[in-house]
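J.: Give the three-dimensional model of this entry:
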Amino acid sequence: MLSSVLLKLNIGLSMKRSASFAVGLVLLTVSACTPSTPSSETTSPTKPIASSESTSPTKPIATNTSSWYEYSSEAGKFTVLMPNKPEEKSEDKKTDVATVKMNVAISEFNDSAYFASYADFPEKFPDAEIEPRLNEAMKGIVGGLKGKVTTSKESKLGTASCRDFEASGKIQAIDALFKGRICLNENRRFYQMFVLAPATKFSNTDVDRFLNSFKINP
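T.: Numbering: from 1, shown residues only. Now for the predicted structure:
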């Protein structure tokens, strides 16, 4: 399966294409641990915003060599800042719970891949299953990329239960780092926000800007 993805994406060994390779790998693994039911996905247009205007996106945010944009998903009820206008993907995947639809927005910048996704479980999970599910999702993402978790902690985003993590691994023969936040809101809606990049290109400043900007809307 991996070889067919490499052929499809025509991925080389160069650092220039490492972000695209990361995109291919994560899309293979991210949905395997995210049970959900298909939902109608309609997202509002991606718009540039100024850092002080999170609810009124009109201007780009200058950060080194890029402009940041507020990505807003009306169906997913969330907003997050991304380095540039993301590509949207929706794909049905068969899991141990159901055939699911993963709705993903991917922004590539400076050989780094920024992911924002959501999916809905068919039914609410009992409170006792929330942390095991979040932990399973984290291990699925990291393990699917043959990486290892270096830090992991429980957190909250409003009423949503989350798990924040950092991990290391390889993109082909290149040392890579990834960092993310996985949340389960109302025991049913599953969010995944994370960044994967070559270690030499990993920017904690940009990654934290992305993760800290993630908001779940009412």
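J.: hey, what's Val104 bridged with?
T.: On the basis of DSSP bridges, Val104 is bridged to Lys89, Ser117.
J.: where does this structure have low pLDDT?
T.: The model of the chain has pLDDT under 70 over residues 1-66, 94-98, 100.
J.: and Asn110, backbone torsions?
T.: Dihedral angles of Asn110 (phi, psi; degrees, to the nearest 10) stand at phi 50, psi 50.
J.: does it really touch Lys201, like I thought?
T.: Yes - Asn110 lies in contact with Lys201 (Cβ atoms under 8 Å); the separation is 5.5 Å. Glycine gets a C-beta too; all of them are placed from N, C-alpha and C.
J.: Identify the residues contacting stretch 148-164?
T.: 130-131, 134-135, 137-139, 142, 165-169, 180-186, 191, 211, 214-216 (Cβ atoms under 8 Å, 6 or more residues apart in numbering).
J.: Pull out the buried residues from that stretch.
T.: 149, 157, 160-164 (16 or more other Cβ atoms under 10 Å).
J.: got it, and stretch 186-201?
T.: 187, 189-198, 201.
J.: of these, closest to Lys77?
T.: Arg189 (7.7 Å; Cβ to Cβ).
J.: With the flanking residues excluded, which residue is spatially nearest to Lys146?
T.: Gly169 (5.6 Å; Cβ to Cβ, 6 or more residues apart in numbering).
J.: Tell me the strands beside the strand or helix carrying that neighbour, with direction?
T.: In the assignment (DSSP states H and E), Gly169 maps to strand 160-171. Here strand 160-171 is paired, per DSSP bridges, with strand 148-157 (antiparallel), strand 174-185 (antiparallel).
J.: packing partners for the next helix or strand after the last one?
T.: Sequence-wise, the next helix or strand downstream of strand 174-185 (DSSP H and E) is strand 189-198. In terms of contacts (3 or more Cβ pairs under 8 Å, 6 or more residues apart in numbering; DSSP states H and E), strand 189-198 is packed against helix 18-29, strand 112-120, helix 127-144, strand 160-171, strand 174-185, helix 204-213.
J.: could these be laid out in TSV, adding distance to Lys85?
T.: Shown next, in TSV, are the helices and strands packed on strand 189-198 (distance: least, Cβ to Cβ, whole Å):
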stretch	distance to Lys85
helix 18-29	15
strand 112-120	11
helix 127-144	24
strand 160-171	23
strand 174-185	21
helix 204-213	14
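J.: Of the ones you listed, flag the one that's most buried.
T.: strand 112-120 (a mean of 25; mean count of other Cβ atoms under 10 Å).
J.: Specify the angle between that one and strand 189-198 in degrees.
T.: Orientation of strand 112-120 against strand 189-198 (axes from the mean of the first three to the mean of the last three Cα atoms, to 10 degrees) gives an angle of 170 degrees.
J.: Just the angle for the host helix or strand of Glu108 relative to strand 189-198, thanks.
T.: Secondary structure from DSSP H and E places Glu108 in strand 99-109. Strand 99-109 runs at 40 degrees relative to strand 189-198, counting by the same axes, to 10 degrees.
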